[in-house]
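Novice: build me a model from this:
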Amino acid sequence: MNLELIGKTALISGSTKGIGFAIANQLAAEGARVIVNGRSDNAVNSALQQVRKAVPEAKVEGFAGDLATSTATEELLRLFPAVDILVNNIGIYEPRPFDKTSDDDWRHVFEVNVLSGVRLSRAYISGMKQRNWGRIIFISSESAISTPKEMVHYGMTKTAQLAVSRGLAEYCGGTGVTVNSVLPGPTHSAGLEDFVAQLGGGQSFEAIEKEFFKSVRPSSLLKRFETPDEVARLVTFVGKRYDMKSKRHKNNNGPAKSTPGVVLGNQIEKRAHEIWLATGCPHGDDLSHWLQAEREALKGFGGERPSTTA
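Specialist: You can find the predicted model right below:
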């Protein structure tokens, strides 16, 4: 792809592994200056080495610090006072029965998953508006609209991210700054493997994956977990420079109508996302492949969009 990101600075919170690392790697491949973040120097340095190996020409730097805390955020701003693309990816999850989830558990997951993105967005959004260009992307989850019974506290934080991103999109309306959320489905990462191990009762990952999509996600067209690279392609596309004549794309704040992976807050886009992934994630500035997937998804809803909002 050529997403015209050369000269843009991108910060991805929680990007030493999994989805965050895949996003950092792909943004670096698109020519952006990338800031990789993790909680330890070792994790950050390892990720930097991997990015440089995959993208020898990468402009990549690191910041070691827990961006779920205000102290680390203040230090980050001292070192990197301006960014053009902010990906709020940092997040935690843990299966826990609702009646065993303490107040401290609720506060902790909210602090990490929600307030980290609030702080970073608050820190960088004014500069983006002054420059009249910026991208803020929240990595939410399908759990935002389908709360998992084993992680109600986690689902709440993912829904909260949608509220924040939608409000910020309104706040940036009419400018060159866009704010969106991406809702990945279950994604095959190290975190997912740990999660599956907790719930699997000794079964193999493959057996659990098959049973999961048979019993828990029977409507899935992929019938498998997504990969971090697949999610990263969507996020990278959302971060591109829009320079299209159609108003449908230009100043595309909030729920977009034709960008792969951008949350529209209804089931049509979730189905279109699955169809698009199943076709191999083709790209093109005319978005024809995504529009075709959207048309296919519409057929299951009588050809009309439900009147829901993000």
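
Novice: contacts only, for residue 115.
Specialist: With contacts defined as CB atoms under 8 Å, 6 or more residues apart in numbering, the neighbours of residue 115 are residue 68. (Each C-beta comes from the backbone N, C-alpha and C, glycine too.)

Novice: who's in contact with the lengthiest helix in the chain?
Specialist: The longest helix of the chain (DSSP state H) is helix 152-171. With CB under 8 Å, 6+ apart as the test, helix 152-171 has contacts from 88, 91-94, 96, 98, 101, 105-106, 109-110, 113-114, 117-118, 121, 125, 136, 138, 140-141, 143-148, 178-181, 183, 253-255, 263, 265, 310.

Novice: filter the residues you listed to the buried ones?
Specialist: Neighbour-count burial (16 or more other CB atoms under 10 Å) applied to the contacts of helix 152-171 gives 88, 91, 93-94, 96, 101, 109-110, 113-114, 117, 121, 125, 136, 138, 140-141, 143-145, 147, 178-181, 183, 253-255, 263, 265, 310.

Novice: what's the spacing between the longest helix of the chain and its chain's center?
Specialist: Mean-position distance between helix 152-171 and its chain equals 12 Å (CA atoms, centre = their mean, to the nearest Å).

Novice: quick check: buried residues in that helix?
Specialist: Judged by neighbour count using 16+ other CB under 10 Å, the buried positions of helix 152-171 are 153-162, 164-166, 168-169.

Novice: state the distance from residue 139 to residue 56.
Specialist: Note on residue 139: its distance to residue 56, by CB to CB, to the nearest Å, is 27 Å.

Novice: tell me which of the two has more neighbours.
Specialist: More crowded of residue 139 and residue 56, by other CB atoms under 10 Å: residue 139, with 25 against 7.

Novice: wait, that one sits on residue 22?
Specialist: No - distance between residue 139 and residue 22: 10.9 Å, which falls outside the contact criterion (CB atoms under 8 Å).

Novice: between the two, which contacts overlap?
Specialist: What both residue 139 and residue 22 touch, as defined by CB under 8 Å, 6+ apart, is the set residue 231.

Novice: list the contacts for the residue nearest to the spatial centre of the chain?
Specialist: By CA atoms, centre = their mean, the chain has its centre lying nearest to residue 139, at 2.6 Å. Contacts for residue 139 (CB under 8 Å, 6+ apart) come out as 19-20, 87-89, 91, 181-182, 184, 231, 235.

Novice: give me phi/psi at it?
Specialist: Taking degrees, to the nearest 10, you get phi -90, psi 100 for the backbone angles of residue 139.

Novice: ditto for residue 63
Specialist: Dihedral angles (degrees, to the nearest 10) for residue 63: phi -140, psi 120.

Novice: which residue is the nearest non-sequential neighbour of it?
Specialist: Computed as CB to CB, 6 or more residues apart in numbering, the closest residue to residue 63 that is not its neighbour in sequence is residue 37, at 5.0 Å.
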